[in-house]
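Engineer: missing the sequence, but the structure's below:
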């Protein structure tokens, strides 16, 4: 979980000048993947699903506000925040699905 959180801080708060240019919309996929990783890591760490949803949704909102306020040349963006929350939902669902498969009784 610590590694995933550190990666998120680097990705979310790197100055705009240090970011690679990408195809339009690719940053939304980065947000989705990053928050999916965070959610899965948090669930593997034993954090309850409701807490993962609440905490990471708050982190997503805070990161967008900080991107807009900090002098790093980044913009806070509602669509990035929505991508973050979608990633959290995907991560929680993926963890639950894999957990069901792994713990399902064998015939």
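Structural biologist: Cool, got the structure. It should be emphasised that the depicted structure is a prediction, and the values quoted were computed from it without experimental measurement.

Engineer: Find me the pLDDT at the spatially most central residue of the chain, would you?
Structural biologist: Nearest residue to the geometric centre of the chain (CA atoms, centre = their mean): residue 35, 1.3 Å. As predicted, residue 35 sits at a pLDDT of 97.

Engineer: which parts of stretch 5-14 are buried?
Structural biologist: Using 16 or more other CB atoms under 10 Å as the test for burial, stretch 5-14 gives 8, 12. For the C-beta atoms, the positions are set from N, CA and C on the backbone; glycine is no exception.

Engineer: repeat for stretch 76-96
Structural biologist: 76, 80-81, 83-92, 95.

Engineer: now the residue nearest to the centre of the chain, what's its secondary structure?
Structural biologist: Secondary structure, DSSP: H, G, I helix; E, B strand; the rest coil: residue 35 is helix.

Engineer: Surely it and residue 61 touch.
Structural biologist: No - Residue 35 is beyond contact range of residue 61, at 11.8 Å (criterion: CB atoms under 8 Å).
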